[in-house]
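Student: I would like to see how this sequence folds:
(2 chains)
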Amino acid sequence: SQQGEEDPQALSIQEGENATMNCSYKTSINNLQWYRQNSGRGLVHLILIRSNEREKHSGRLRVTLDTSKKSSSLLITASRAADTASYFCATSSGNTGKLIFGQGTTLQVKP
Amino acid sequence: EAGVAQSPRYKIIEKRQSVAFWCNPISGHATLYWYQQILGQGPKLLIQFQNNGVVDDSQLPKDRFSAERLKGVDSTLKIQPAKLEDSAVYLCASSYGTGEQFFGPGTRLTVL
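Tutor: From the prediction side, this is the model:
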């Protein structure tokens, strides 16, 4: 079963613009993680935000978490063509580290 | 630091045949995961190992899928017999604790 639902499913922007992706989930979590997947490749971890955190930054990435609304957003600022990829949110509950992934958002950044 | 290794990268088989995938996690990572990713979807966990013990295999179709991690290091995932709907990318990941997971490049399986 997939806990996360991501919105939008696809996003196309120009280089230099900001990209925002949203993730909603259903049950309480320990942490929420964002991953990037380039076409035909494995997933790369971007950022982890814990349930007691509200915002986190990493380079051009900004992640927010609203546990009352069970939602998170990923903002990529000043996008580059190399940011073209699929982005997945994944939630972790319990104490096993098991991740449940959303369906993903496909981002295209046009040069 | 070497990443997660998987082989083969691609495999084409006919339905009812068997297939096996191999994964070598990052050295020192006790936890190993196998995911199935169908085209256009997010990865779905099939099985999770902690050292050589199974932590979660609730979504593993046990009538046809099996996995082992005998020495607590590398792992194999087997499908026997394969069905058309098993066509997917099979991803292996490992982690040190319960946080960030490191993924291999995946094995793309096509069942004809």
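
Student: what pLDDT does residue 111 get?
Tutor: Picking chain A for this. pLDDT, residue A:111: 92.

Student: The intended chain is chain B.
Tutor: Note on residue B:111: pLDDT of 98.

Student: Residue A:40 too?
Tutor: 80.

Student: tally of neighbours for it?
Tutor: 10 (other CB atoms under 10 Å in any protein chain shown). Using the backbone N, CA and C atoms, a C-beta is placed for each residue, glycine as well.

Student: can you pull the contacts of the residue nearest to residue A:10 when sequence neighbours are not counted?
Tutor: Leaving out its chain neighbours, the residue that sits closest to residue A:10 by CB to CB, 6 or more residues apart in numbering or on different chains is residue A:106, at 4.7 Å. Contacts for residue A:106 were tallied using CB atoms under 8 Å, 6 or more residues apart in numbering or on different chains; they are A:9-11, A:85-86.

Student: Which of the residues you listed fall in strands?
Tutor: Here DSSP state E is the test, and the contacts of residue A:106 give A:10-11, A:85-86 as lying in strands.

Student: looking at this, residue B:85 is in a helix?
Tutor: Yes - assigned with DSSP: H, G, I helix; E, B strand; the rest coil, residue B:85 falls within a helix.

Student: Just give me the neighbour total for it.
Tutor: Other residues near residue B:85 come to 10 when the count uses other CB under 10 Å.

Student: Distance check, it against chain A.
Tutor: With distances taken as CB to the nearest CB, to the nearest Å, residue B:85 is found 17 Å from chain A.

Student: Now do the contacts for that residue.
Tutor: Counting by CB under 8 Å, 6+ apart, residue B:85 has contacts residue B:111.

Student: show me where pLDDT drops low in chain B?
Tutor: Across chain B, the ranges flagged by pLDDT under 70 are B:1.

Student: Look at stretch B:73-87 and report the distance between its end residues.
Tutor: Using CA to CA, to the nearest Å, one end of stretch B:73-87 lies 26 Å from the other.

Student: what distance separates that stretch from the middle of the whole chain?
Tutor: How far stretch B:73-87 lies from its chain's middle: 8 Å, per CA atoms, centre = their mean, to the nearest Å.

Student: my guess is residue B:49 meets residue B:25, correct?
Tutor: No - Residue B:49 lies out of contact with residue B:25 (CB atoms under 8 Å); the separation is 9.3 Å.

Student: Find residues that contact each of those two.
Tutor: Common contacts of residue B:49 and residue B:25 (CB under 8 Å, 6+ apart): B:32, B:75.

Student: Of these two, which one has the most company?
Tutor: residue B:25 (27 against 22).

Student: tell me the contacts of that one?
Tutor: Residue B:25 touches B:4, B:32, B:73-75, B:92-94, B:102, counting by CB under 8 Å, 6+ apart.

Student: Many thanks, we can stop here.
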